[in-house]
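# Build me a structure from this.
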Amino acid sequence: MKIAIACDEKNLDSTISKLGGRSPFYQIFDNGEFVETVKNPFATGAGGAGYSVAYMMADMGIDLIVAGKIGENMASALQERGIKWEEIDENMKISELVKKFSEN
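Residues are numbered from 1 along each chain as shown. Below is the predicted model of the structure:
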């Protein structure tokens, strides 16, 4: 499973971002292994960030997006693209979250 985790910093000790579409970065993991950090080009600017991120993640082959909060528009766009999402406590560190998903 390929997972994108919204985060505020580039490192794996970052906490999960409370923002879905406006998260500064996404940590990408494939089957529990770190793949890359992606800077969110839609973090600032005009509206439509959630839609844009959903389409970007679909193009990357992401199966699941995790953030502190996924807005209604982003959720709709994710559903349209067949991507699952999960809202999770933004105080959890990314390393803890990856371990949780790896155990399931």
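# who are the neighbours in contact with Val98?
Going by C-beta atoms under 8 Å, 6 or more residues apart in numbering, Val98 touches Ile3, Ile5, Phe29, Gly32, Phe34. In short, each C-beta sits where N, CA and C put it, glycine included.
# cool, and Asp8?
Asp8 neighbours (C-beta under 8 Å, 6+ apart): Ser14, Thr15, Ser17, Ser23, Pro24, Phe25.
# Let me know the closest of those residues to Met92.
Met92 lies nearest to Thr15 out of the contacts of Asp8, by C-beta to C-beta, at 6.7 Å.
# most distant residue from the middle of this structure?
Ala46 (19.6 Å; C-alpha atoms, centre = their mean).
# Looking at the contacts of Asp8, which are in strands?
Among those, the members found in strands (DSSP state E) are Phe25.
# Isn't Phe29 up against Cys7?
No. With contact defined as C-beta atoms under 8 Å, Phe29 does not reach Cys7; the gap is 11.5 Å.
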